[in-house]
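Peer 1: sequence-free structure coming up:
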């Protein structure tokens, strides 16, 4: 469905924000980090399976806005970002390509 030649970028902050607004995610008793990470991975995986040519970007400067939204939101964003970085690092150590083209913009 997606043209492999048509690359596009996904705003990682918007992606995490959309996951946090999922009505199935109960934040009343804290954060469910596994659920958040799994949902982000599922969205990205579904795009990749459909042939999408994309990268995900996060702006370091947005950290301040996430902190203003509260500790749970800031922790969710940081958890997703660190998870994606770690997965790519582990794949790189195995000589495999990155799972997601990830860009952290200053």
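Peer 2: Received, thanks. Everything numeric here is computed off the predicted structure, so don't read it as measured data.

Peer 1: who are the contact partners of residue 66?
Peer 2: By Cβ atoms under 8 Å, 6 or more residues apart in numbering, residue 66 lies in contact with 13, 73-74, 77-78. Where you see a C-beta, it was placed from the backbone N, CA and C, and this is true even at glycine.

Peer 1: out of these, which is most surrounded?
Peer 2: Using other Cβ atoms under 10 Å as the neighbour criterion, residue 77 leads the contacts of residue 66 with 25 neighbours.

Peer 1: what are the neighbouring residues in contact with it?
Peer 2: When contacts are taken as Cβ under 8 Å, 6+ apart, residue 77 is in contact with 12-13, 16, 58, 62-63, 66.

Peer 1: can you check residue 98 too?
Peer 2: Counted by Cβ under 8 Å, 6+ apart, residue 98 has contacts 88, 91-92.

Peer 1: and these, which are buried?
Peer 2: residue 88 (16 or more other Cβ atoms under 10 Å).

Peer 1: TSV please, covering the contacts of residue 98 and showing pLDDT, distance to residue 31 and secondary structure.
Peer 2: Shown next, in TSV, are these (pLDDT from 0 to 100; distance: Cβ to Cβ, whole Å; DSSP: H, G, I helix; E, B strand; the rest coil):
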residue	pLDDT	distance to residue 31	secondary structure
88	97	23	helix
91	96	26	helix
92	97	28	helix
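
Peer 1: which one of the contacts of residue 98 is nearest residue 26?
Peer 2: Distance to residue 26, by Cβ to Cβ, is smallest for residue 88 among these, at 29.6 Å.

Peer 1: wait, doesn't that closest one sit right on residue 102?
Peer 2: Yes: Residue 88 lies in contact with residue 102 (Cβ atoms under 8 Å); the separation is 6.0 Å.
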